[in-house]
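Student: Give the three-dimensional model of this entry:
(2 chains)
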Number of protein chains: 2
Amino acid sequence: MKGEPVKYHYYTQLEWTSEKKGVLRCEGKPDIMVACPPEFGGHPGIWSSEDLFLASVEICTMTTFLWFADKEHLTIKSYTSKANATAELDGGVFRFSSIKIRVNIGVSSENDRKTVEKILKKVERACLITNSIQTDVRIEPEIFVG
Amino acid sequence: MKGEPVKYHYYTQLEWTSEKKGVLRCEGKPDIMVACPPEFGGHPGIWSSEDLFLASVEICTMTTFLWFADKEHLTIKSYTSKANATAELDGGVFRFSSIKIRVNIGVSSENDRKTVEKILKKVERACLITNSIQTDVRIEPEIFVG
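Tutor: Numbers count the residues shown, from 1 in each chain, chains lettered A, B, ... in the order given. The predicted structure follows:
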């Protein structure tokens, strides 16, 4: 209905299995084994909430970029990123203080490079996850032409 | 070293594959296929940043609970949760406005029920992810004895 506020809803489920481990579920999607990370008394080699928090920012950065690229009719040759997050004590509680995302994008021309630069500026303000967190997020792009 | 601030670092990687899809990686952990969700022009049946953002809060709630349970020598029989999040336009940008987590915990005695209630109060203040986001998080517990 016109004038109705746009809202989206998301649903996940979790089941504890043993020790500090569980199974994460979302309807129609593959299950993910999850656990408390080793530094908080958990298990190595299993996705943790800390990993997935960082991942959600990294993924949203890419999908927001791809959304703008579509609008600008931009074709990219490649897109990879490496993200890191720091969690530390702040006022007696642990929180994520900073996230850095190094983005590498390959394009075919100098003109496309300019379009990528223009889009990346929009991405920083448009990412749904970045807008929902307190953590400072910095994107460091590297664009390759050829 | 004594007096050194405690900091933890997390690392993830992402590679665009095609359309609005990619592969999420974290060293030593299984890859996860990820995508832009259908409501933003993406794909169904694939984990999105929106799902994983919500999941990170749900998982951290469980692992923080398990951490306190250990300290209190509490043995639980079961722990499951169902989480939902709402994203909506707020001041011209989309952000997650609220998250609700319905937690079901099974224990053996009325005494254990009291311990669970005590721990859940601490979990709300101690969850690393909840402390790092702007979204309002509400935990709705249901505790079963028997």
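
Student: Which elements pack onto the longest helix along chain A?
Tutor: Counting by DSSP state H, the longest helix found in chain A is helix A:49-71. Taking 3 or more Cβ pairs under 8 Å, 6 or more residues apart in numbering or on different chains; DSSP states H and E as contact, the helices and strands that helix A:49-71 lies on are strand A:78-90, strand A:93-107, helix A:110-126, strand A:136-145, strand B:7-18, strand B:21-25, strand B:32-35, helix B:49-71. C-beta: built from backbone N, CA, C; applies to glycine.

Student: List the buried residues for that helix?
Tutor: For helix A:49-71, a neighbour-count test (16 or more other Cβ atoms under 10 Å in any protein chain shown) marks A:49-69 as buried.

Student: Chain A - how does it break down into domains?
Tutor: For chain A, the structural domains run A:1-47, A:49-145, going by automatic domain parsing.

Student: ok, now how distant is the nearest residue to A:Ser48 once chain neighbours are set aside from A:Cys127?
Tutor: Closest residue to A:Ser48 apart from its sequence neighbours, by Cβ to Cβ, 6 or more residues apart in numbering or on different chains: A:Pro37 at 4.0 Å. According to Cβ to Cβ, to the nearest Å, A:Pro37 and A:Cys127 sit 24 Å apart.

Student: Between those two, which is the more surrounded one?
Tutor: A:Cys127 (26 against 20; other Cβ atoms under 10 Å in any protein chain shown).

Student: residues contacting the more buried one?
Tutor: By Cβ atoms under 8 Å, 6 or more residues apart in numbering or on different chains, A:Cys127 lies in contact with A:57, A:60-61, A:64, A:137.

Student: Could you single out the nearest of those residues to chain B?
Tutor: A:Cys60 (3.8 Å; Cβ to the nearest Cβ).

Student: is it true that that closest one touches B:Ser49?
Tutor: Yes: contact criterion Cβ atoms under 8 Å: A:Cys60 and B:Ser49 qualify, at 3.8 Å.

Student: Need the residues touching each of the two.
Tutor: With Cβ under 8 Å, 6+ apart as the test, A:Cys60 and B:Ser49 both reach A:128-129.

Student: hmm, back to that, mean pLDDT and distance to B:Asn131 for the helices and strands packed on helix A:49-71 - can I get that in TSV?
Tutor: Converted to TSV, the helices and strands packed on helix A:49-71 look like this (pLDDT from 0 to 100; distance: least, Cβ to Cβ, whole Å):
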stretch	mean pLDDT	distance to B:Asn131
strand A:78-90	96	8
strand A:93-107	96	4
helix A:110-126	95	23
strand A:136-145	97	15
strand B:7-18	97	13
strand B:21-25	98	24
strand B:32-35	98	25
helix B:49-71	97	9
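
Student: Indicate which one of the ones you listed is closest to B:Val103.
Tutor: Nearest to B:Val103, of all those, is helix B:49-71, at 7.0 Å by Cβ to Cβ.

Student: next one: phi and psi at the closest residue to A:Lys118 other than its chain neighbours?
Tutor: Spatially, and ignoring its direct neighbours in sequence, A:Lys118 is nearest to A:Glu72 (7.8 Å; Cβ to Cβ, 6+ apart). In terms of degrees, to the nearest 10, the main-chain angles of A:Glu72 are phi -90, psi 0.

Student: what's the most distant pair in the contacts of A:Cys127?
Tutor: The most widely separated members of these, counting by Cβ to Cβ, are A:Thr64 and A:Val137 (11.7 Å).

Student: wait, A:Gly42 sits on A:Glu50?
Tutor: No: in this structure A:Gly42 lies outside contact range of A:Glu50 using Cβ under 8 Å: 10.0 Å.

Student: can you list residues touching both of those two?
Tutor: Shared contacts of A:Gly42 and A:Glu50 (Cβ under 8 Å, 6+ apart): none.

Student: would you say A:Glu39 is within a helix?
Tutor: Yes: the assignment for A:Glu39 is a helix, going by DSSP: H, G, I helix; E, B strand; the rest coil.

Student: Could you give the number of residues near the closest residue to A:Gln13 other than its chain neighbours?
Tutor: Of all residues not flanking A:Gln13 in the chain, A:Arg25 sits nearest, at 4.4 Å (Cβ to Cβ, 6+ apart). Residues near A:Arg25, counting by other Cβ under 10 Å, number 18.

Student: With B:Thr63 as the reference, measure out to A:Arg25.
Tutor: Distance of A:Arg25 to B:Thr63, given as Cβ to Cβ: 16 Å.

Student: so does stretch A:89-98 get close to chain B?
Tutor: Yes: for stretch A:89-98, a contact with chain B is found by Cβ under 8 Å from any Cβ of the partner chain, at A:89, A:93-96.
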